[in-house]
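Colleague: Sequence and predicted structure below; questions after.
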Amino acid sequence: MTRRTVLILGANGRFGAAAVKAFADAGWRVLAQARRPQAALPPGAEALTLALGETEALAAAAAGAEVVVHAVNPPYTDWETQLMPLGRQGMDVAERLGALFMLPGNVYAYGEAMPALLAEDTPERPTNAKGRLRAALEAEMRARAEAGRLRAVVLRAGDFYGCGEGSWLDLSIAKDLAKGRLVYPGPLPLPHAWAYLPDLAQAFVAVAERSARDGAPAFETLHFAGHTLTGGQFLDLLEAAATDIGAAPAGRFRRGGMPWALIRLMGVFVPTLKAVAEMSYLWRVPHALDGARLATRVGGLPATPPRQALAQALRDLGFGDLASAH
């Protein structure tokens, strides 16, 4: 029986690497696209060192791919100039292949007035440039699908964590974990949506396999529930996870908050801080994703308990006695 083939665009990123592993573990032939040479790939995966903009060459190299996962995400400060062009290049490749185009979505397009529970039919009312860009990207996917040019699915999730550096976990919350200090970006009583990347990647596999077997709408949006935790719950679990792997300090953890006023002030001079501050409302507005439609679509999904997920995420960052464990 011929193995199914998936093309992962942006395979060097954290989600891209998680998707490569999840599809390879599920028995797919994985083509891992990245501009730069990649770290060791799992069995069943092979590197494609081609630029995303080389549409014809990339489509030729990925001939036979049934699914394209768009794991490409430009730096926050480059969204205005890069997000839409990169998204269009990914869609162009999927069109050439006649493949299902899969995008990891986020909650930005719902804006500051978003309700506490986000379903697939929740109206999008973006309140800043990043939200409007994400809405525009998904709108173009839908338009191409309605024109019969593309089959596409958005799998929307909360804040990513796990699989190495580049998330709120290492950039802020656990940045000073070795010193016994944790910093949470929002009010501790409010719930916030999180997505552990290995679990999200397996959800992509499940949707891809179900779509290949039973077909799929030309365009659909599905929500990945992930972990919804208050700030207090998240820090409690993080402290427990650190203890589990031998990364807790000798004394008690100290907790602090983000100096948002200072970050906004510094953002006048530092573009990255300005971009981060624009999204600070996500920590003030409680939100969760309703995963009922996804569960109906694919059935049960792996769900790593958050304490276990946080322990592995810390190991992936080099914390603890078992930093290389998996």
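Modeller: Right, received. Where do you want to start?

Colleague: residue ranges of the helices in the stretch 1-150 of the chain, please?
Modeller: Under the criterion DSSP state H, counting those that start in this stretch, the stretch 1-150 of the chain contains helices at 14-25, 55-61, 79-97, 129-146.

Colleague: Turn these into a markdown table, columns for mean neighbour count and mean pLDDT.
Modeller: For glycine as for every other residue, the C-beta is placed from the backbone atoms N, C-alpha and C. Output for the helices of the stretch 1-150 of the chain, formatted as a markdown table (neighbours: other CB atoms under 10 Å; pLDDT from 0 to 100):
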| stretch | mean neighbour count | mean pLDDT |
| --- | --- | --- |
| helix 14-25 | 25 | 96 |
| helix 55-61 | 16 | 96 |
| helix 79-97 | 19 | 97 |
| helix 129-146 | 18 | 97 |
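
Colleague: closest to residue 312 out of these?
Modeller: helix 14-25 (11.7 Å; CB to CB).

Colleague: Centre of the chain to the closest one, how far?
Modeller: 12 Å (CA atoms, centre = their mean, to the nearest Å).

Colleague: Output that helix as CSV, nothing but the C-alphas.
Modeller: Output in CSV follows, covering the C-alpha atoms of helix 14-25 (Å, rounded to 0.1, in the frame of the first residue of the first chain):
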residue,chain,number,x,y,z
ARG,A,14,8.5,24.7,16.4
PHE,A,15,5.1,23.8,15.0
GLY,A,16,6.7,22.6,11.7
ALA,A,17,9.0,20.3,13.5
ALA,A,18,6.1,18.9,15.6
ALA,A,19,4.1,18.3,12.5
VAL,A,20,7.0,16.5,10.8
LYS,A,21,7.3,14.2,13.8
ALA,A,22,3.5,13.6,14.1
PHE,A,23,3.0,12.7,10.4
ALA,A,24,6.1,10.6,10.3
ASP,A,25,5.1,8.7,13.4
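
Colleague: just to revisit the earlier point, so for residue 234, which of the helices of the stretch 1-150 of the chain sits nearest?
Modeller: helix 14-25 (18.8 Å).

Colleague: Who are the packing partners of that closest one?
Modeller: strand 5-9, strand 29-33, strand 45-48, strand 67-70, helix 197-214 (3 or more CB pairs under 8 Å, 6 or more residues apart in numbering; DSSP states H and E).

Colleague: okay, and for the stretch 51-200 of the chain, where does confidence drop off?
Modeller: Along the stretch 51-200 of the chain, the model assigns pLDDT under 70 to no residue.

Colleague: Reformat the helices and strands packed on helix 14-25 as JSON lines; add distance to residue 293 and mean neighbour count.
Modeller: Below are the helices and strands packed on helix 14-25 laid out as JSON lines (distance: least, CB to CB, whole Å; neighbours: other CB atoms under 10 Å):
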{"stretch": "strand 5-9", "distance to residue 293": "22", "mean neighbour count": "28"}
{"stretch": "strand 29-33", "distance to residue 293": "27", "mean neighbour count": "25"}
{"stretch": "strand 45-48", "distance to residue 293": "30", "mean neighbour count": "17"}
{"stretch": "strand 67-70", "distance to residue 293": "20", "mean neighbour count": "29"}
{"stretch": "helix 197-214", "distance to residue 293": "11", "mean neighbour count": "21"}
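
Colleague: Would you format the ones you listed as a markdown table with distance to residue 167 included?
Modeller: Listed next are the helices and strands packed on helix 14-25 as a markdown table, based on distance: least, CB to CB, whole Å:
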| stretch | distance to residue 167 |
| --- | --- |
| strand 5-9 | 19 |
| strand 29-33 | 21 |
| strand 45-48 | 23 |
| strand 67-70 | 19 |
| helix 197-214 | 9 |
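
Colleague: And these: which comes nearest residue 88?
Modeller: Per CB to CB, nearest to residue 88 of the helices and strands packed on helix 14-25: strand 67-70, 10.5 Å.

Colleague: List the contacts of the closest one.
Modeller: The contact list for strand 67-70 (CB atoms under 8 Å, 6 or more residues apart in numbering) reads 4-10, 16, 19, 23, 62, 87, 90-91, 93-94, 97, 99-104, 204, 208, 211-212.

Colleague: same check, this time on stretch 251-263
Modeller: Outside stretch 251-263, the residues touching it (CB under 8 Å, 6+ apart) are 172, 180-186, 235, 239, 242, 273, 276-277, 280, 283.

Colleague: And the average pLDDT for that stretch is what?
Modeller: For stretch 251-263, mean pLDDT is 92.

Colleague: How far does it sit from its chain's centre?
Modeller: With CA atoms, centre = their mean, you get 25 Å for stretch 251-263.

Colleague: That stretch: which residues count as buried?
Modeller: Within stretch 251-263, the residues scored as buried using 16 or more other CB atoms under 10 Å are 253, 258, 263.

Colleague: what about stretch 211-224, average pLDDT?
Modeller: For stretch 211-224, mean pLDDT is 88.

Colleague: This completes my enquiry, with thanks.
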